[in-house]
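*Asks:* I would like to see how this sequence folds:
(one chain, ligands or ions: 1)
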Amino acid sequence: MAITGIKGFNDILPGEVEKWQHIEATARRVFELYGLSEIRIPILEKTELFCRSIGDATDIVEKEMYSFEDKGGNKVTMRPEGTASVMRAYVEHKMHALDPVARLYYMGPMFRYERPQKGRYRQFHQIGAEITGVAAPTVDAQVLTMLTHFFQELGLTEPSLQINSLGCPCCRPAYREALKKFLLDRIDKLCDDCKRRYDTNPLRALDCKSAGCQEATQGAPSMLDHLCAECSDHFDKTRKHLELVGTPYSINQRMVRGLDYYTRTTFEMVTTMLGAQSAVAAGGRYDGLISSIGGPQIPGIGFAMGVERVALLLAEKDFSRRPDLFIAALGDEAHPEAFRLMSALQRLGFAVEIDYEGKSLKSQMRRADKFNSRFTLIIGGDELARGTAPLKNMDGGTQDEVALDAASIQAAMTGGA
Ligand code: HAM
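*Replies:* From the prediction side, this is the model:
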């Protein structure tokens, strides 16, 4: 029996991969406009890194991590996200020593043992961005504007930006208590998960999808009404800066993120087009994360998008590439000539295809059709004898007689002299 891949681990095949390359190239192009540089981080980290940063009481750490002991007995985990690793690298390499401001992006696979469904996989891919060293709300607005800019560059009108504030260690404890007090009378309605985390993580009930939790949290107190003066000011200024540059957003007071490191601004890019998996990108500020993993007290903010989900939103668009030229060759002498011209034109920067096995003209034209090349050139004995051949423009239907040398064919294809 043939061996198949592992459930939740997908192959990205040619045809689809062009879309991924377009998403990645767009991210690089847009992020670099905002001064970000790429960082590449390992897939395996010490398990402790994620326990300390994401939080022991989160779904990710409790249930979803691919953790194991390596052959040396070390507890390691396949990264479930990138932020913790990027901050570990930032601290380890003392990137803050000269300038605490680092503007970084990354892309690559992440691993979570979740129940696979459309838009949710066990190996999935994120493109993420992190900016450290700026506490000012201007940078919150900058990060959100960059993310919006990225989706605009992809030509997507979905997803839309939702923002919230989760406060800080000053104001969140009082809010937690107010929420717990509110939920206590309704605790029977909560789902088992939310009952279990009533003490450790009561905020999760606010964005729990279960009908009971949604009912129980109707009219619950809002974090935004409990923000301390500094957090409230930060949120107002973030909003003002978003409005200043015309970045559209709405406020979602129920947004609670599934990772513990967030403070103040949190956000999600949401869509209604992917069923239950509504978040295409998500992130927030994490002013205590760097110090929690042993670094200095330096603030940070960032996001990650799920590339599979972005690709699903782009499903209708065609990213397949067309070769520039297909050369059909008839007869034993024409084949080496087609091969020679192909090679010369490839070196000049053209994508060229031939039929390697010298099949009939009919089957070669079928291949030309399949490749959907912009031009075709047909070479037989007569063409070789006169040193020219017909070059057909497959879009315009026009035909030119061109000399059988790469420079002439190049000139004809580019409209040059
Ligand atoms: P997250 O919300 O856990 O945040 O994930 C960010 C995005 O990754 C989600 O919005 C979703 O698009 C995608 N994603 C997550 N899990 C899966 C999955 N199982 N299958 C497919 N896509 C998935 C973080 O990971 C934070 N590190 C984001 C961040 C960066 N916050 C600050 N900086």
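
*Asks:* Name the residues of this protein found near the ligand, please.
*Replies:* Neighbours of the ligand within the chain, by C-beta under 6 Å from any ligand atom: 81-83, 112, 114, 119-121, 124, 126, 128, 130, 258-259, 279-284, 302-306, 308-309. For the C-beta atoms, the positions are set from N, CA and C on the backbone; glycine is no exception.

*Asks:* out of these, which are inside helices?
*Replies:* 83, 308, 309 (DSSP state H).

*Asks:* Okay, and which of the residues of the chain next to the ligand map to strands?
*Replies:* Using DSSP state E, the members of the residues of the chain next to the ligand that fall in strands are 124, 126, 128, 130, 279-284, 302-306.

*Asks:* Distance check, residue 127 against residue 77.
*Replies:* 21 Å (C-beta to C-beta, to the nearest Å).

*Asks:* same thing with residue 99?
*Replies:* 30 Å.

*Asks:* Can you get me a residue count around residue 176?
*Replies:* For residue 176, the count of nearby residues is 17 (other C-beta atoms under 10 Å).

*Asks:* Now whatever residue of the chain ends up closest to the ligand: closest residue in space that isn't a chain neighbour?
*Replies:* Nearest residue of the chain to the ligand (C-beta to the nearest ligand atom) works out as residue 306 at 2.5 Å. Leaving out its chain neighbours, the residue that sits closest to residue 306 by C-beta to C-beta, 6 or more residues apart in numbering is residue 124, at 5.8 Å.

*Asks:* burial measure for the one you found, as a count.
*Replies:* 21.

*Asks:* so it sits right up against residue 108, yeah?
*Replies:* No. Judged on C-beta atoms under 8 Å, residue 124 makes no contact with residue 108 at a distance of 10.4 Å.

*Asks:* Could I get the ones in helices among the residues of the chain next to the ligand in JSON lines, plus columns for distance to residue 364?
*Replies:* Output for these, formatted as JSON lines (distance: C-beta to C-beta, whole Å):
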{"residue": "83", "distance to residue 364": "53"}
{"residue": "308", "distance to residue 364": "38"}
{"residue": "309", "distance to residue 364": "41"}
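
*Asks:* just curious, which of the residues you listed is nearest to residue 290?
*Replies:* Ranked by distance to residue 290 (C-beta to C-beta), these are led by residue 83 at 10.3 Å.

*Asks:* show me the contacts for that closest one.
*Replies:* Contacts here follow C-beta atoms under 8 Å, 6 or more residues apart in numbering; on that basis residue 83 touches 53, 128, 130, 259, 261, 286, 289, 302, 304.

*Asks:* Distance check, it against residue 111.
*Replies:* Taking C-beta to C-beta, one finds residue 83 at 15 Å from residue 111.

*Asks:* and the two most separated of the ones in strands among the residues of the chain next to the ligand?
*Replies:* Taking C-beta to C-beta as the measure, those have their most distant pair in 124 and 284, spaced 19.3 Å apart.

*Asks:* So, low pLDDT: which residues of the stretch 51-200 of the chain?
*Replies:* By pLDDT under 70, the stretch 51-200 of the chain contains no weakly predicted segment.

*Asks:* Show me where it has its strands.
*Replies:* 66-69, 75-78, 103-111, 123-132, 160-165 (DSSP state E, counting those that start in this stretch).

*Asks:* Now do the second one: which elements does it pack against?
*Replies:* Under the contact criterion of 3 or more C-beta pairs under 8 Å, 6 or more residues apart in numbering; DSSP states H and E, strand 75-78 touches strand 44-46, helix 47-54, strand 66-69.

*Asks:* Quick check: buried residues in the shortest one?
*Replies:* Taking 16 or more other C-beta atoms under 10 Å as the basis for neighbour counts, the residues of strand 44-46 that come out buried are residue 45.

*Asks:* separation between residue 228 and residue 121?
*Replies:* 39 Å.

*Asks:* same question but for residue 272, I mixed them up
*Replies:* Distance from residue 272 to residue 121, by C-beta to C-beta: 20 Å.

*Asks:* For these two, indicate the residue with more neighbours.
*Replies:* residue 121 (22 against 9).

*Asks:* before we move on, what SS does residue 26 have?
*Replies:* The three-state label given to residue 26 by DSSP: H, G, I helix; E, B strand; the rest coil is helix.

*Asks:* My guess is it contacts residue 155. True?
*Replies:* No. With contact defined as C-beta under 8 Å, residue 26 does not count as touching residue 155 (9.7 Å).

*Asks:* quick one on the thing from earlier: what's the residue nearest to residue 306 in contact with, if anything?
*Replies:* So residue 124 contacts 109, 110, 112, 306, 307, 308 (C-beta under 8 Å, 6+ apart).

*Asks:* helix or strand right after the strand or helix carrying residue 345?
*Replies:* Assigned by DSSP states H and E, residue 345 belongs to helix 334-347. For helix 334-347, the succeeding helix or strand toward the C-terminus, using DSSP H and E, is strand 352-354.

*Asks:* I'd like the average pLDDT over the helix or strand following that next one.
*Replies:* Counting by DSSP H and E, the next helix or strand C-terminal to strand 352-354 is helix 361-371. Averaging pLDDT along helix 361-371 yields 89.

*Asks:* Buried ones in helix 361-371, by neighbour count?
*Replies:* 364, 365, 367, 368, 371.

*Asks:* The third one touches residue 356, doesn't it?
*Replies:* Put plainly, it is residue 367. No. In this structure, residue 367 is not within contact of residue 356 by C-beta under 8 Å, at 9.9 Å.
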